[in-house]
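[1] please work out how this folds:
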Amino acid sequence: MARAARKTPQCLEINVSIQNCRSPLCRLWVLSALLLSAPFLPTVAHGQQSDFSLVLRGVVLLDPMLATPSTPSTVVIAGDRIVAVKPDALFEVPEEANVIDAAGLFLIPGLWDLHTHLIHLGNEKALPLLVTQGVTGVRELGSIPEEIEALRRRVEEGALLGPRIVRAGPTLNGAANGAHHRVIDSPQAARQAVDELRNAGMDLLKTHNATDRRTYFALIEAAAEAGLTVAGHIPTTVSPVEACEAGQASIEHIATIFEGTYLAAFANEMQAFQSFPEWIRTEALELAKCFAKHKTLFVPTLRAYQLRAHRAEAFDNPDPRQRYLGADAEIWPAGFAPSAADRMKPVITIRQSLVDSGLEFVRLLHAQGAPIGAGTDLAAGGLLPGFDLHAEIRLLIQAGLSPAEALRASSRGPGVRAGGDPLQGQLVEGSPADLVLLRENAFEDLGALDSIEAVILRGKLLDRALLDEILVGLEDR
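    Numbers count the residues shown, from 1 in each chain. The predicted structure is shown next:
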């Protein structure tokens with residue numbers, strides 16, 4: 001991919017520094033400095049600079065909101081925003097502009113992983129790895145606030161290459177089922193938590209399944225008054241329809257649909273799993289209509305359940321891409337390594353049936369017009385940053401979404417009330433300049449996500465050569 005502009009002296013200086021680095025981590029650090037600190041503006045005559053950070057010429061736009069490829073177009077980026085989108089024939093590029101010849105390439109909005117636990121992964125290599133796979137934003141659902149805020153600040157200040165992070169802070173739950181859980185055991189405790197987390201600048205709130213009914217409904221009410229959305233599990237004493245009607249904005253995971261009031265009707269989890277397909281065929285329509293009516297976002301994390309169903313096989317045959325996280329990465333943290341039961345065929349079969357039922361539930365939701373989001377539950381066993389978001393997107397295709405609709409689900413972002421941009425997921429003037437250039441047409445086949453030619457993060461270009469340098473820097477040697 002050709003760049004018309006000459007390198008600035010700063011770029012030349014940093015490239016020399018890269019050549020002098022002997023270790024991969026040194027090279028990665030210098031690359032982060034180049035990508036996040038260098039202005040990427042060409043030096044022109046008389047010491048002036050172009051008004052444009054970047055101009056993409058001849059690119060085909062794959063806007064998920066339109067679902068039809070554009071004619072070859074010019075996209076103009078200034079700072080971290082798209083400032084113009086026009087057909088090539090209607091835009092004359094200034095002679096001094098920093099132009100990328102993108103003829104034959106396809107542009108999509110940056111991807112968002114809507115369910116991550118970055119701190120639990122215990123490995124900050126995850127952040128640059130996400131970026132190399134086109135993930136330019138994440139929704140962090142449950143972390144120790146001070147830790148995730150420190151990580152987010154490092155990314156925003158350019159000390160660490162990584163996606164945008166919107167965060168929920170601690171998981172609000174009726175029991176301390178994790179180090180990042182904050183107990184809310186009364187309506188008063190729920191309201192106090194909402195006040196404190198709003199004042200701390202959290203973008204949204206996360207709930208879990210051990211909260212009692214009165215406290216849960218108080219949480220939803222207090223969050224609405226504070227202008228915050230609530231995402232997460234459904235308490236075991238609250239039905240999914242009740243959670244939808246109460247205003248929980250985002251419901252996570254296949255299992256949360258049945259782990260509470262549905263499961264209570266059965267003697268054990270195995271019976272519930274076996275009955276779930278029948279429930280989808282006969283009773284799930286009411287819930288799907290509720291989700292559609294209230295615009296309740298459902299993030300099924302299908303890939304996480306698929307890995308759980310086949311965790312023994314995944315554990316025994318490590319994905320070679322784990323090398324990007326290093327030998328010490330907790331790919332299978334405590335509690336996720338396979339047990340003897342995980343190797344039993346009946347257990348694998350019944351868990352796979354949950355995935356299959358989840359696909360059917362997503363199909364039903366989609367048919368009713370309910371919003372679907374792509375998330376991985378990153379930090380759960382075996383999941384790889386970025387790569388498994390691609391796998392999740394492909395599972396959405398199995399659930400009946402078209403490629404354009406699956407891209408919409410994976411680029412929609414967290415929503416305005418949860419810290420997102422109103423133009424996120426679109427390719428229009430004013431949209432965030434978080435973009436992915438592909439060599440293949442993703443509207444025809446989402447295998448195109450494996451053909452990333454460049455990522456544009458906050459208006460800064462990371463071309464294929466730089467992405468490869470980052471991957472080399474991440475490898476454990």
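
[2] tell me the buried residues in stretch 176-184?
    If you call a residue buried by 16 or more other Cβ atoms under 10 Å, then stretch 176-184 has these buried ones: His180, His181, Arg182, Val183, Ile184. Glycine gets a C-beta too; all of them are placed from N, C-alpha and C.

[3] correct me if wrong: the first one contacts Pro170.
    Meaning His180. Yes. Assessed by Cβ atoms under 8 Å, His180 is found in contact with Pro170 at 5.4 Å.

[4] can you list residues touching both of the two?
    Residues within reach of His180 and of Pro170 at once, by Cβ atoms under 8 Å, 6 or more residues apart in numbering, are Gly142, Ser143, Ile144.

[5] how about the longest helix seen in the chain: buried residues?
    Identified as the longest helix of the chain according to DSSP state H is helix 345-368. Of the residues in helix 345-368, those buried by neighbour count under the rule 16+ other Cβ under 10 Å are 347-348, 350-351, 354-366, 368.

[6] next secondary structure after that helix?
    From helix 345-368 onward toward the C-terminus, using DSSP states H and E, the following helix or strand is helix 387-398.

[7] report all helices and strands that the helix or strand immediately after that following helix in the chain contacts.
    As assigned by DSSP H and E, the chain's next helix or strand after helix 387-398 is helix 403-411. Counting by 3 or more Cβ pairs under 8 Å, 6 or more residues apart in numbering; DSSP states H and E, the packing neighbours recorded for helix 403-411 are strand 106-109, strand 111-116, helix 387-398.

[8] give me phi/psi at the closest residue to Ala418 other than its chain neighbours?
    The spatially closest residue to Ala418, leaving aside those adjacent along the chain, is Leu204, at 4.0 Å (Cβ to Cβ, 6 or more residues apart in numbering). Torsion angles at Leu204 (phi, psi; degrees, to the nearest 10) stand at phi -160, psi 180.

[9] do the same with the one 10 residues further on
    Here the main-chain torsion angles of Arg214 (degrees, to the nearest 10) amount to phi -60, psi -40.

[10] now tabulate the helices and strands packed on helix 403-411 in a markdown table and tack on mean pLDDT and mean neighbour count.
    Listed next are these as a markdown table, based on pLDDT from 0 to 100; neighbours: other Cβ atoms under 10 Å:
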| stretch | mean pLDDT | mean neighbour count |
| --- | --- | --- |
| strand 106-109 | 98 | 26 |
| strand 111-116 | 98 | 30 |
| helix 387-398 | 98 | 22 |
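
[11] could you dump those into JSON lines and include distance to Ala189?
    Formatted as JSON lines, the helices and strands packed on helix 403-411 follow (distance: least, Cβ to Cβ, whole Å):
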{"stretch": "strand 106-109", "distance to Ala189": "39"}
{"stretch": "strand 111-116", "distance to Ala189": "25"}
{"stretch": "helix 387-398", "distance to Ala189": "34"}
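
[12] which of these sits closest to Gln426?
    Closest of the helices and strands packed on helix 403-411 to Gln426 is strand 106-109, at 6.7 Å (criterion: Cβ to Cβ).

[13] quick one: contacts of the closest one?
    For strand 106-109, using Cβ under 8 Å, 6+ apart, the contacting residues are 56, 59-64, 69, 75, 134, 407, 411, 424-427, 431, 434-442, 448.

[14] please name the bridge partners of the spatially most central residue of the chain.
    Nearest to the geometric centre of the chain sits Asp113, at 0.9 Å (Cα atoms, centre = their mean). Beta-bridge pairing for Asp113 (DSSP bridges): Val138.

[15] that one and Ala340: what is the separation?
    32 Å (Cβ to Cβ, to the nearest Å).

[16] per-domain residue ranges of this structure.
    Annotated domains of the chain cover 9-97+428-474, 111-418 [automatic domain parsing].

[17] switch these over to TSV; also include distance to Gly104.
    Formatted as TSV, those follow (distance: least, Cβ to Cβ, whole Å):
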stretch	distance to Gly104
domain 9-97+428-474	7
domain 111-418	18
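
[18] of those, flag the one that's most buried.
    The highest mean neighbour count among the domains of the chain, using mean count of other Cβ atoms under 10 Å, belongs to domain 111-418: a mean of 20.

[19] coming back round to it: so which of the shared contacts of His180 and Pro170 is the closest to Ala246?
    Gly142 (20.3 Å).

[20] tell me the contacts of that closest one?
    Going by Cβ under 8 Å, 6+ apart, Gly142 touches His117, Ala168, Pro170, Thr171, Gly178, His180, His181, Lys206, Gly232.

[21] next: Leu457.
    Leu35, Gly110, Val131, Thr136, Leu161, Pro163, Asp434 are the contacts of Leu457 under Cβ under 8 Å, 6+ apart.

[22] the residue nearest to the centre of the chain touches Asp377, doesn't it?
    No. Counting by Cβ under 8 Å, Asp113 stays clear of Asp377, with 9.3 Å between them.

[23] distance check, the closest residue to Ser431 other than its chain neighbours against Glu242.
    Once flanking residues are discounted, Ser431 sits nearest to Leu423: 4.2 Å by Cβ to Cβ, 6+ apart. Going from Leu423 to Glu242 by Cβ to Cβ gives 33 Å.

[24] just Leu287 next, same as before
    Leu287 is 10 Å from Glu242, where distance means Cβ to Cβ.

[25] and the contacts of the helix or strand encompassing Ala222?
    Using DSSP H and E, Ala222 falls within helix 213-226. Contact with helix 213-226 is made by 172, 174, 184-191, 193-195, 198, 205, 207, 211, 229-230, 235, 237-238, 246-248, as judged by Cβ under 8 Å, 6+ apart.

[26] same check, this time on stretch 344-357
    With Cβ under 8 Å, 6+ apart, stretch 344-357 has contacts from 254-255, 270, 273-274, 276-277, 280, 302, 305-306, 308-310, 312, 341-342.

[27] now do that stretch: distance to the chain's middle.
    26 Å (Cα atoms, centre = their mean, to the nearest Å).

[28] one more: stretch 131-150?
    In this view, stretch 131-150 has its centroid 9 Å away from the chain centroid, taken as Cα atoms, centre = their mean.

[29] ok, stretch 266-278 next?
    Centre-to-centre, stretch 266-278 and its host chain are 31 Å apart (Cα atoms, centre = their mean).

[30] what about it, average pLDDT?
    Stretch 266-278 shows a mean pLDDT of 77.

[31] same question, stretch 191-202
    96.

[32] and the residue nearest to Ala418, how far is that from Gly413?
    Note on Leu204: its distance to Gly413, by Cβ to Cβ, is 12 Å.

[33] sorry, back to before: mind picking the lowest-pLDDT entry from the contacts of Gly142?
    Gly178 (82).

[34] spatially nearest residue to it (excluding sequence neighbours)?
    Counting by Cβ to Cβ, 6+ apart, Gly178 lies nearest to Thr171, which is 6.7 Å off, once chain neighbours are set aside.

[35] contact partners for that neighbour?
    By Cβ under 8 Å, 6+ apart, the contact list for Thr171 reads Leu141, Gly142, Gly178, His180, His181, Arg182, Lys206, Thr207, His208, Gly232.

[36] the last one bridge partners, please.
    Think Gly232. For Gly232, the beta-bridge partners are Thr207, Ile251 (DSSP bridges).

[37] which ones are touching Gly382?
    Leu307, Arg311, Ala314, Phe315, Asp319, Ile331, Trp332, Phe336.

[38] could you measure from the residue nearest to the fifth one when sequence neighbours are not counted over to Ser451?
    The spatial neighbour of Asp319 that comes closest, neighbours along the chain excluded (Cβ to Cβ, 6+ apart), is Leu384 at 6.2 Å. For Leu384, the distance to Ser451 under the criterion Cβ to Cβ works out to 18 Å.
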